[in-house]
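K.L.:
Build the 3D model from these lines:
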Amino acid sequence: MLEQLNEALDHIERCLEPEAGREVDIVEVARIAMTSEYHFRRLFSALAGMPLSVYVRRRRMTLAGAEVLGGERTLLDVAVRYGYGSGEAFARAFRSVHGIGPGEARRTGATLTAQPRMSFRVVVEGSMTMRYRIVEREAFRVVGRKARVPLVHEGVNAAAAAHVESLDEQVIVTMKKLADGEPKGVLSAVVHLTDSREEGAEVDYWIGVVTGPDAAPDAAPEELDALDVPAGAWAVFDNHGPYPSALQELWRDVFTQWFPSNPYASRPGPELLRTQPVEIGAETDSQLWIPVERVSASQGE
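P.N.:
Residues are numbered from 1 along each chain as shown. Got it, this is the predicted structure:
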């Protein structure tokens, strides 16, 4: 899959050339990568550490920045060459990347920010293996409480921890009574609001239980929310290690190593995590559920 990913990046570069005169069509980019647009966006974000849209804008402004400083064309000509219909729109995009307007950059010879062209390659680090299984599930519902929190890749997520601490004992008891499905018991669910997996991106963070698709939190309707989850396949990963670092590493490895090496793509849906609450740094067993779909060999042809 890495070969297809790099071919997709090559296509993006060709689209960014002023002579090409075309926008980057993400649907076409995903087709070249032989996957869905949804999965390509999420996989790119996990691998690159930034959303695809941010990378494209930074690359475009890197190329445009060289022409701005070169001084051979007017700023309006540079704007048009890189697909902007007005100098104002170009200036806003330029400033968002370089922190300075194109006119001032040209006058002062300012230092600009360059986004290097990316490529993906395999780096072998030890002999780690990943234990997983594929599970087909009918539609179900997650009943619990949610909060909007930022993504944290390393260390304790203070906002998520505060959400857990806010749940009183009665709410936990109510949720446990409603539990009726796999994964069993109280779990967390992460719903990504955008295709970004960069540090600080906001997600909906649920603490709840799995119930049947028609279950309703009748016991405490004013206290609990419900998240409907459609039927589909799930990749289930078993994990053991220190909390929370082992889990954060597992989440990273699923997207940067497992997906590129297996015939599956992520699909829309919450990412479920079942783990026993332990002290920071203590060893614990966990289970991570990622919604997936199988990628056929002919996809993208």
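
K.L.:
Let me see the ranges of the helices in the stretch 101-250 of the chain.
P.N.:
For the stretch 101-250 of the chain, applying DSSP state H, counting those that start in this stretch gives helices covering 102-108, 158-165, 169-178, 245-253.

K.L.:
deepest of those helices, which one?
P.N.:
Across the helices of the stretch 101-250 of the chain, the average number of neighbours (mean count of other C-beta atoms under 10 Å) peaks for helix 245-253, which reaches a mean of 17. (C-beta placed from N, C-alpha, C; glycine too.)

K.L.:
counting contacts, what elements does that helix pack onto?
P.N.:
Judged by 3 or more C-beta pairs under 8 Å, 6 or more residues apart in numbering; DSSP states H and E, the packing partners of helix 245-253 are strand 232-242, strand 271-275, strand 283-294.

K.L.:
could you dump those strands to JSON lines with mean pLDDT and distance to Val203?
P.N.:
What follows is these, written out as JSON lines (pLDDT from 0 to 100; distance: least, C-beta to C-beta, whole Å):
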{"stretch": "strand 232-242", "mean pLDDT": "89", "distance to Val203": "18"}
{"stretch": "strand 271-275", "mean pLDDT": "91", "distance to Val203": "9"}
{"stretch": "strand 283-294", "mean pLDDT": "90", "distance to Val203": "14"}
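
K.L.:
Nearest approach to Arg141 belongs to which of the ones you listed?
P.N.:
strand 271-275 (12.4 Å; C-beta to C-beta).

K.L.:
Contacts for the closest one next, please.
P.N.:
Strand 271-275 has contacts (C-beta atoms under 8 Å, 6 or more residues apart in numbering) with 142, 183-185, 187-190, 192, 210, 234, 243, 247, 251, 284-291.

K.L.:
same check, this time on stretch 62-82
P.N.:
Residues outside stretch 62-82 that contact it (C-beta under 8 Å, 6+ apart) are 16-18, 60, 86-87, 89-91, 94, 97-98, 102-103, 105-106, 109, 112-115.

K.L.:
coming back round to it: how about the helices and strands packed on helix 245-253 in a markdown table, adding mean neighbour count and distance to Ala147?
P.N.:
Shown next, in a markdown table, are the helices and strands packed on helix 245-253 (neighbours: other C-beta atoms under 10 Å; distance: least, C-beta to C-beta, whole Å):
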| stretch | mean neighbour count | distance to Ala147 |
| --- | --- | --- |
| strand 232-242 | 17 | 24 |
| strand 271-275 | 20 | 15 |
| strand 283-294 | 18 | 20 |
